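J.: what's the 3D shape of this:
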Amino acid sequence: MPTGLVLGLNAYHGDVSAALVRDGRLIAAVEEERFRRIKHYAGFPHLALAECLRLAGARPADVDVFAVSRNPRAHLWRKALFLLRYRPSGTVGERARNMSKVGSLPATIAASVGLDERVVRPRTRFIEHHPSHLASAAFVSPFDSAAVCAIDGFGDFVSTSWGRVEGSRLQVDRRVFFPHSLGLLYLAITQFLGFAKYGDEFKVMGLAPYGEPRFVRELSTLVHLNGDGGFALDLSYFRHWSDGVAMTWEEGEPVIGRVFTKKLYSLLGPARLADEPLDARHEAIAASLQVVYERAAMHVLSHVQRSTGATRLCLAGGCGMNSVANGKIREQTDFREVFIQPAAGDNGTALGAAYHAWHDGGSHPRDFVMEHGYWGPEFGDAEIAAVLDSDRTAIDQSDCTRRSWSDPDALDAWTAEQIAAGRVVGWFQGRMEWGARALGNRSIVADPRRADMRDIINTRIKFRERFRPFAPSVLEEALDEYFVGAVPDPFMLQVYPVRPDKRATVPAITHVDGSGRLQTVSRRSNPRYWKLIKAFERVSGVPMLLNTSFNENEPIVLRPQEALDCFLRTHMDIIVMGPHVLERAAVTT
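T.: Numbering: from 1, shown residues only. Model prediction:
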């Protein structure tokens with residue numbers, strides 16, 4: 001039974017990360033990509049691990065359990081049977097090398113933290129990938145009793161699992177095994193549409209509302225829905241199980257080779273090349289994929305609800321990041337409450353492994369609920385000032401005025417006035433966010449009332465595809481005024497319709513289909529960001545800001561230096577870091 005300090009690790013997978021739990025309460029959770037400045041960083045989370053220990057004020061020797069969200073011994077007989085039956089080419093050696101790295105993790109951890117391997121090995125616990133996903137949501141949710149479900153690509157030979165949580169006991173009732181996966185279905189069409197980078201599925205989700213779903217019949221042939229809540233892919237359209245697909249989980253950006261076969265061309269026509277313009281057919285394929293995925297996901301979740309009898313759901317896995325589908329769960333199933341923590345993907349398995357090890361079959365009662373996503377490092381006023389001092393020449397060359405404010409309320413009021421005047425602001429405050437979304441501490445914020453603001457940010461600052469939408473950060477108390485059927489979500493993981501009579505008021509955050517991926521902001525969870533939005537409401541009458549991540553084709557900025565660099569190389573108008581402000585001269589026309 002673990003006592004005291006548990007350090008969870010996601011290693012040698014995508015989005016490697018670390019999370020530290022002390023006596024059942026989360027102290028820190030950090031993704032390695034933020035330090036390495038490489039999106040979805042794979043390998044081992046050396047820097048994230050060290051940062052968690054620093055934030056906890058703990059030494060490596062203080063850690064009672066190193067909980068790893070992989071188990072090389074899980075489902076060995078199924079793996080062996082699959083290899084004997086199908087004899088896939090090209091993947092056996094590669095997967096064996098990856099498993100070897102996972103198996104040697106005690107030595108890697110020991111070397112990373114400066115301990116003897118003989119100290120680390122008995123403290124290392126290998127937690128299966130999917131129970132780690134399930135625990136990441138179940139044990140930090142506000143629900144004492146709930147159904148739990150994880151839907152993703154694969155981990156430890158499993159793609160989908162579900163069960164229930166009762167207090168500090170987690171029970172897995174059912175699994176869907178390799179090679180069948182809704183995550184692989186979405187990945188295949190994402191690659192077909194020319195989005196080849198790891199994690200590009202969210203681009204397809206953003207593109208889908210532009211198209212008519214006229215390929216639903218064709219794409220429905222790729223996945224068969226079973227009566228028991230499971231599903232099966234038509235494997236003739238997929239390569240991951242037979243030909244072997246290159247998967248790179250070394251130090252750096254993960255890479256996954258093409259997972260679909262040429263048979264897919266007979267259904268959808270030619271695949272799009274990465275540099276080819278998007279046309280109506282591509283938009284229609286994206287729209288159809290989203291429909292087919294939602295049907296399959298709701299098929300799974302409806303069965304989970306019926307089999308458990310629960311009306312509360314804890315959802316995890318990479319597919320738990322499909323915010324469009326998430327917003328429809330209460331409408332299309334009998335679940336009435338849904339909890340998804342902000343790192344629902346593989347990054348969150350570090351959190352889940354830590355809590356799975358801590359509760360260890362019910363060994364400790366639960367006394368923690370994740371109400372916010374701010375679990376990374378923060379930087380003091382002096383550290384920010386030192387960065388600004390060191391880059392004085394570049395700041396002067398950018399024609400920026402520098403000042404500091406002693407009154408936070410006055411700074412918020414001034415910033416709100418600038419936003420209302422159409423200026424784009426980099427907002428850098430407090431602790432770094434955990435997960436894929438910027439939630440008001442490492443954000444770029446702007447006026448949601450300006451119809452041109454989405455194009456301004458996409459082309460002048462983010463340098464990304466024009467079809468990508470932006471999220472609204474709305475005061476929790478104003479939620480019903482602007483959205484239909486929505487519930488509070490501080491983690492920006494659910495999409496809801498913007499009220500028809502409000503769409504003209506906030507066009508910059510209203511997607512082409514009239515929806516918005518909202519973040520509710522409460523005074524209790526982020527008082528500083530709440531006050532900024534409140535100040536904007538006093539100026540504009542709108543209790544909302546456009547919010548996008550503070551970055552430019554890179555991971556979200558972590559340190560003041562990265563925030564300053566991003567500001568200087570883009571066309572943001574203002575940056576606010578703590579009490580410090582840089583303001584570019586306003587462009588006059």
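J.: Return the list of helices and strands in contact with the top strand by length along the chain.
T.: Ranked by number of residues, the top strand in the chain under DSSP state E is strand 145-155. Strand 145-155 is packed against helix 129-138, strand 158-166, helix 182-192, helix 280-308, strand 312-316, with contacts defined by 3 or more C-beta pairs under 8 Å, 6 or more residues apart in numbering; DSSP states H and E. For every residue, glycine as well, the C-beta is placed using N, CA and C.
J.: Can you tell me which of the ones you listed is most buried?
T.: Mean neighbour count, computed with mean count of other C-beta atoms under 10 Å, is highest for helix 129-138 among the helices and strands packed on strand 145-155, reaching a mean of 31.
J.: With only the CA atoms kept, save it in CSV.
T.: The C-alpha trace of helix 129-138 is given here as CSV (Å, rounded to 0.1, in the frame of the first residue of the first chain):
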residue,chain,number,x,y,z
HIS,A,129,-2.7,2.0,-19.8
HIS,A,130,-6.5,1.9,-19.8
PRO,A,131,-7.0,1.6,-16.1
SER,A,132,-4.7,4.6,-15.9
HIS,A,133,-7.0,6.5,-18.3
LEU,A,134,-10.0,5.5,-16.3
ALA,A,135,-8.4,6.5,-12.9
SER,A,136,-7.4,9.8,-14.3
ALA,A,137,-11.0,10.9,-14.6
ALA,A,138,-12.7,8.7,-11.9
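J.: circling back to that earlier point, pull the CA coordinates from the longest strand of the chain and hand them back as PDB.
T.: Only the C-alpha atoms of strand 145-155 are listed here, as PDB (Å, rounded to 0.1, in the frame of the first residue of the first chain):
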ATOM      1  CA  SER A 145     -20.200   6.700  -7.800                       C
ATOM      2  CA  ALA A 146     -20.200   6.800 -11.600                       C
ATOM      3  CA  ALA A 147     -19.700   4.900 -14.800                       C
ATOM      4  CA  VAL A 148     -16.200   5.200 -16.300                       C
ATOM      5  CA  CYS A 149     -15.200   4.900 -19.900                       C
ATOM      6  CA  ALA A 150     -12.000   5.400 -21.900                       C
ATOM      7  CA  ILE A 151     -11.900   5.600 -25.700                       C
ATOM      8  CA  ASP A 152      -8.600   6.100 -27.600                       C
ATOM      9  CA  GLY A 153      -6.200   4.700 -30.100                       C
ATOM     10  CA  PHE A 154      -4.400   1.900 -28.300                       C
ATOM     11  CA  GLY A 155      -2.400   1.300 -25.100                       C
END
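J.: Pretty sure Leu185 is one of the things Glu201 touches, is it not?
T.: No - here Glu201 lies out of contact with Leu185, judged by C-beta atoms under 8 Å, at a distance of 10.4 Å.
J.: so can I have JSON lines of the helices and strands packed on strand 145-155 showing mean pLDDT and distance to Asp62?
T.: Listed next are these as JSON lines, based on pLDDT from 0 to 100; distance: least, C-beta to C-beta, whole Å:
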{"stretch": "helix 129-138", "mean pLDDT": "98", "distance to Asp62": "22"}
{"stretch": "strand 158-166", "mean pLDDT": "98", "distance to Asp62": "28"}
{"stretch": "helix 182-192", "mean pLDDT": "98", "distance to Asp62": "37"}
{"stretch": "helix 280-308", "mean pLDDT": "98", "distance to Asp62": "38"}
{"stretch": "strand 312-316", "mean pLDDT": "98", "distance to Asp62": "28"}
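J.: Dump these to JSON lines, plus distance to Val68.
T.: Compiled in JSON lines, the helices and strands packed on strand 145-155 are given as follows (distance: least, C-beta to C-beta, whole Å):
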{"stretch": "helix 129-138", "distance to Val68": "9"}
{"stretch": "strand 158-166", "distance to Val68": "16"}
{"stretch": "helix 182-192", "distance to Val68": "21"}
{"stretch": "helix 280-308", "distance to Val68": "27"}
{"stretch": "strand 312-316", "distance to Val68": "17"}
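J.: so which of these comes closest to Phe368?
T.: helix 129-138 (11.9 Å; C-beta to C-beta).
J.: from the middle of its chain, how far away would the closest one be?
T.: Chain-centre distance of helix 129-138: 15 Å, with C-alpha atoms, centre = their mean, to the nearest Å.
J.: Spatially nearest residue to Phe491, not counting backbone neighbours?
T.: Pro342 (4.1 Å; C-beta to C-beta, 6 or more residues apart in numbering).
J.: just Val387 next, same as before
T.: Of all residues not flanking Val387 in the chain, Pro560 sits nearest, at 4.3 Å (C-beta to C-beta, 6+ apart).
J.: So that neighbour versus Ser473, what's the distance?
T.: 22 Å (C-beta to C-beta, to the nearest Å).
J.: Tell me which of those two has more neighbours.
T.: Ser473 (29 against 22; other C-beta atoms under 10 Å).
J.: got a list of contacts for stretch 350-364?
T.: With C-beta atoms under 8 Å, 6 or more residues apart in numbering as the test, stretch 350-364 has contacts from 1-2, 6-10, 16-21, 24, 26, 29, 45, 65, 67-69, 125, 127, 131-137, 139-140, 167-170, 316, 341, 343, 366.
J.: Generate a PyMOL selection restricted to the buried entries among those residues.
T.: In PyMOL, a selection of the buried entries from those looks like this (16 or more other C-beta atoms under 10 Å):
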select buried, resi 2+6+7+8+9+10+16+17+18+19+20+21+24+26+29+45+65+67+68+69+125+127+131+132+133+134+135+136+137+139+140+168+170+316+341+343+366
